[in-house]
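**Student:** sequence plus predicted model, see below.
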Amino acid sequence: MKLGDVLKKERQKAGLAEEAVAASLGLDAEAYAALEAGESEAEAWGPILAQLAIHLEVPTSRLLSASGRSQDVESNGPERLIAERRQARGLSGKDMASALGLSEEQYAAIEAGDTPLGEVGKQLLAFAEVIEQPVFNLFYPCGLPFQELDDYP
């Protein structure tokens, strides 16, 4: 299963139209359709965001904005919050890279804001708010990683 499949299923369960959700996320219809089709950067960066939350022991929403709300996500704010949480836990960039299965350079790019993680995270947080669920549930529907599921109720 792709993350886009989870988004589509959750939108449908909430009885929401694609156009309405796209507007709530600030996306045009084509970009939103790509998100649900599993053809967006969310497929790669969503799972990394979930793993960051797990390893930093913080709600996913609090890695994106101090308030945990999508409307408060600042430019480069997620990257700053991730770095602050990592430092508060006494972890190095090397520790985090190893935990996430990334190279040190790839992890450094996350904290430098040189990846789409912040923008993807903001979109996923906004989506979670629209369907009134924690953003982390998108990555672990039914308590399992979405990649391990064929379907769920």
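**Tutor:** Good, I have the coordinates. Numbers count the residues shown, from 1 in each chain.
**Student:** relative to Gly26, how far out is the residue lying farthest from the centre of the chain?
**Tutor:** Farthest-out residue of the chain from its mean C-alpha position, per Cα atoms, centre = their mean: Gly90, at 23.4 Å. Counting by Cβ to Cβ, to the nearest Å, the gap from Gly90 to Gly26 is 37 Å. C-beta: built from backbone N, CA, C; applies to glycine.
**Student:** also Glu132?
**Tutor:** 19 Å.
**Student:** out of those two, which sits in the busier spot?
**Tutor:** Set Glu132 next to Gly26 and count neighbours by other Cβ atoms under 10 Å: Gly26 wins out with 12 against 7.
**Student:** wait, what's in contact with that one?
**Tutor:** Taking Cβ atoms under 8 Å, 6 or more residues apart in numbering as the criterion, Gly26 is in contact with Gln123, Ala126.
**Student:** look up phi and psi at it.
**Tutor:** Dihedral pair for Gly26: phi 70, psi 30, per degrees, to the nearest 10.
**Student:** okay, it: pLDDT?
**Tutor:** Here the pLDDT value assigned to Gly26 is 94.
**Student:** can you pull out the helices in the protein?
**Tutor:** Counting by DSSP state H, the segments of the chain that form helices are 3-13, 18-25, 29-36, 42-56, 60-64, 77-88, 93-100, 104-112, 117-131, 136-139.
**Student:** figure out how far the last one is from the centre of its chain.
**Tutor:** Centroid displacement of helix 136-139 relative to its chain, using Cα atoms, centre = their mean, to the nearest Å, is 8 Å.
**Student:** average pLDDT for it, rounded please.
**Tutor:** Helix 136-139 comes out at a mean pLDDT of 96.
**Student:** for that helix, name the packing helices and strands.
**Tutor:** In terms of contacts (3 or more Cβ pairs under 8 Å, 6 or more residues apart in numbering; DSSP states H and E), helix 136-139 is packed against helix 3-13, helix 42-56, helix 117-131.
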